[in-house]
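Colleague: need a 3D model of the following:
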Amino acid sequence: MTTPTVASTHTLENSQPQHALSRTLALTDAASGTTPLTHQQTTISLLRADVRLLVGAIPRILVAGTRRVPQTTSWAERRETVLYLVASLTELQLLVSLCLLWLVVPGVVLLPWTGLQAAFVWAVLGCLNSRNRPFVFTVARSASDRRDDELQRLDWYVVGGLANNSQMRRTVLPRLARTFGDDMHTFPSYRLGFVLDIALVLLQRNLHIPTTRSIELYNSVRASLLKPETGGVRIIAHNTGALDVSWLLSRLCADLPAGSRLSKLQVFTFGAASPEVTLPLGKANPQSDGDSSLLYPDVTHFAFTDDPMAQIGVLYGVRQRLEGRFVGNLYTIHPAAPSPPRNYHYTLEEYLDTLLPEGNPRTGVLGQVCKIDRELIEMRELAALVQSVTNEHLRTRDIKRRSWTTLGMGADKRDHDDTTTPLSLEGISRKARSLDGLRGYEDNLLAKAVRNKYRLRPGDYRGNSASTESE
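Modeller: Now for the predicted structure:
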């Protein structure tokens, strides 16, 4: 298997203004009020609402994806860009002409011409995706790294998004391998042209249909989790790759029992295009690595506020779709100044430049004091409590009106086993206050996963003790 050449690491310029960082804690929902949106609305209503959202975001996605041409590009990158452009323009031309000609030209006359156009697109897509198969990017390890691997073997998976796969091979994978000190099992995106890519995103967001890549990813991750010698599994997903990972999490939680196997999995998304990520809720577990009480995977999201994919995905799911279920901690990166359209943050490389410049979690935005978005945290938990109080008995058994905290504790106690610990809205606020003043790399699983010369020491990772003391 050929290994892509290692490219130089891009670093943040000294003149670049600093970004601000805020954190939204993972949804605890001890009252189990949230349910997936597919269980609340019909498929037609979900598609109708999402079509409007996606159509409105298309101009921003196009601008973000085409705004910047790298200074140095390989022949493979230029070839992929040209083929993708040809496929996208042909699909758009075919779609527009069919809508216009169908009204005046009989369908029998259009059929041969349509078939010829479709065959051309199919051939272009075949050439475009000839190298987009799962592969392993290997990294050379030092003697100390090999000793660490013998103590705890980690399997890393990278799920690409709507970006140039050749560029990811040349620049992103070497950076990830150097930063985390391990081989990268890579699942590139199967590119279909912009029109079909957007259509697939629409279907995945609302129907949760598995793709070839999501099935291959599921088989690989499940095999890693079942191996006793595997100490942990880590997944990095970029924008549309989070849709496959969202399906993967739902499938894993349905197929594997809660416990030591699922707790080995940690997921990191960057600009996730998924508006919903579901995991079993209703049990108050600390969201920290190395805690034996964790029963399910740990999920952490990172998103720029001006990332068009994040705006219709993770940011939309956490901030606006409060009635749905979006699990995991969210780190929101706020640009220092409003970004003009041609400066949208979009690529995985830009996330690495901001979060881990040169692989160092202390010098990027994670080195700043992280603001805890307490208002949004309480709004999400409150929305879950509102949905949980649907039982008429809970609403009418007492004349005196109860507080939301009392309702949440009462809702959590009903029909639950004795091992479930009630977690009130006040407890959520107390935990948020305990994390005030921490820097971004503290209590951060991504920063803790760094395995280069900038790795965190035990004294740097103080978030766990803070969280524990607050409880």
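Colleague: residue 267 should be in a strand, yeah?
Modeller: Yes - according to DSSP: H, G, I helix; E, B strand; the rest coil, residue 267 belongs to a strand.
Colleague: beta-bridge partners for it, please?
Modeller: Counting by DSSP bridges, residue 267 forms beta bridges with residue 235, residue 299.
Colleague: what sits against it?
Modeller: When contacts are counted by Cβ atoms under 8 Å, 6 or more residues apart in numbering, residue 267 touches 234, 235, 237, 245, 249, 297, 298, 299, 300, 328. Every C-beta, even on glycine, is put in place using the N, C-alpha and C of the backbone.
Colleague: swap in residue 190?
Modeller: Taking Cβ under 8 Å, 6+ apart, one finds 129, 132, 211, 212, 213 in contact with residue 190.
Colleague: now the helices for the stretch 301-450 of the chain?
Modeller: 308-312, 314-319, 348-355, 374-388, 392-396, 404-413, 425-434, 445-448 (DSSP state H, counting those that start in this stretch).
Colleague: just the buried positions in the fourth one, please.
Modeller: Right, the one you point to is helix 374-388. 374, 376-378, 380-388 (16 or more other Cβ atoms under 10 Å).
Colleague: redo the residues you listed as JSON lines? Include pLDDT and distance to residue 451.
Modeller: Output for these, formatted as JSON lines (pLDDT from 0 to 100; distance: Cβ to Cβ, whole Å):
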{"residue": "374", "pLDDT": "88", "distance to residue 451": "33"}
{"residue": "376", "pLDDT": "89", "distance to residue 451": "32"}
{"residue": "377", "pLDDT": "86", "distance to residue 451": "31"}
{"residue": "378", "pLDDT": "84", "distance to residue 451": "36"}
{"residue": "380", "pLDDT": "85", "distance to residue 451": "33"}
{"residue": "381", "pLDDT": "82", "distance to residue 451": "35"}
{"residue": "382", "pLDDT": "81", "distance to residue 451": "39"}
{"residue": "383", "pLDDT": "79", "distance to residue 451": "38"}
{"residue": "384", "pLDDT": "77", "distance to residue 451": "36"}
{"residue": "385", "pLDDT": "75", "distance to residue 451": "40"}
{"residue": "386", "pLDDT": "75", "distance to residue 451": "43"}
{"residue": "387", "pLDDT": "72", "distance to residue 451": "41"}
{"residue": "388", "pLDDT": "67", "distance to residue 451": "41"}
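Colleague: export those residues as a markdown table, with columns for distance to residue 435.
Modeller: As requested, the buried residues of helix 374-388 are arranged in a markdown table below (distance: Cβ to Cβ, whole Å):
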| residue | distance to residue 435 |
| --- | --- |
| 374 | 10 |
| 376 | 14 |
| 377 | 10 |
| 378 | 14 |
| 380 | 16 |
| 381 | 15 |
| 382 | 19 |
| 383 | 21 |
| 384 | 20 |
| 385 | 21 |
| 386 | 25 |
| 387 | 26 |
| 388 | 25 |
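Colleague: what ranges does the stretch 51-200 of the chain have for its helices?
Modeller: Counting by DSSP H, counting those that start in this stretch, the helices of the stretch 51-200 of the chain are 75-101, 107-128, 143-151, 165-167, 173-180, 194-207.
Colleague: buried ones in the next helix or strand after the last one?
Modeller: For helix 194-207, the following helix or strand on the C-terminal side (DSSP states H and E) is helix 212-226. Of the residues in helix 212-226, those scored as buried under the neighbour-count criterion (16+ other Cβ under 10 Å) are 213, 214, 217, 218, 220, 221, 222, 224, 225.
Colleague: between the residues you listed, which sits nearest residue 323?
Modeller: Nearest to residue 323 out of the buried residues of helix 212-226 is residue 214 (Cβ to Cβ; 25.5 Å).
Colleague: what mean pLDDT does stretch 63-75 get?
Modeller: On average, the pLDDT along stretch 63-75 is 69.
Colleague: and if you look at stretch 47-55?
Modeller: In this model, stretch 47-55 has a mean pLDDT of 92.
Colleague: likewise for stretch 207-215?
Modeller: Mean pLDDT, computed over stretch 207-215, is 92.
Colleague: residues contacting residue 348?
Modeller: Residues near residue 348 by Cβ under 8 Å, 6+ apart: 160, 161, 163, 168, 172, 238, 270, 271.
Colleague: try 10 Å
Modeller: 158, 160-161, 163, 167-168, 171-172, 175-176, 236-239, 241, 270-271 (Cβ atoms under 10 Å, 6 or more residues apart in numbering).
Colleague: which of these fall within strands?
Modeller: 158, 236, 237, 238, 270 (DSSP state E).
Colleague: what about the closest residue to the last one other than its chain neighbours, neighbour count?
Modeller: If the residues on either side of it in the chain are set aside, residue 270 comes closest to residue 351, at 4.4 Å by Cβ to Cβ, 6 or more residues apart in numbering. A count of nearby residues for residue 351, using other Cβ atoms under 10 Å, gives 25.
Colleague: tell me the confidence at residue 351?
Modeller: What the model reports for residue 351 is a pLDDT of 93.
Colleague: surely it meets residue 333?
Modeller: Yes - contact between residue 351 and residue 333 holds when scored by Cβ atoms under 10 Å: they sit 8.2 Å apart.
Colleague: common neighbours of these two, please.
Modeller: By Cβ under 10 Å, 6+ apart, residue 351 and residue 333 have these common neighbours: 271, 302, 303, 304, 307, 345, 364, 365.
Colleague: which of the ones in strands among the contacts of residue 348 tops the neighbour count?
Modeller: Going by other Cβ under 10 Å, residue 237 tops the ones in strands among the contacts of residue 348 with 29 neighbours.
Colleague: that one contacts residue 271, correct?
Modeller: Yes - counting by Cβ under 10 Å, residue 237 does reach residue 271; the two are 9.4 Å apart.
Colleague: shared neighbours of these two, which are they?
Modeller: Joint contacts of residue 237 and residue 271 (Cβ under 10 Å, 6+ apart) are 161, 301, 348.
Colleague: can you redo these as JSON lines with pLDDT and distance to residue 275?
Modeller: Shown next, in JSON lines, are those (pLDDT from 0 to 100; distance: Cβ to Cβ, whole Å):
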{"residue": "161", "pLDDT": "91", "distance to residue 275": "15"}
{"residue": "301", "pLDDT": "96", "distance to residue 275": "12"}
{"residue": "348", "pLDDT": "92", "distance to residue 275": "20"}
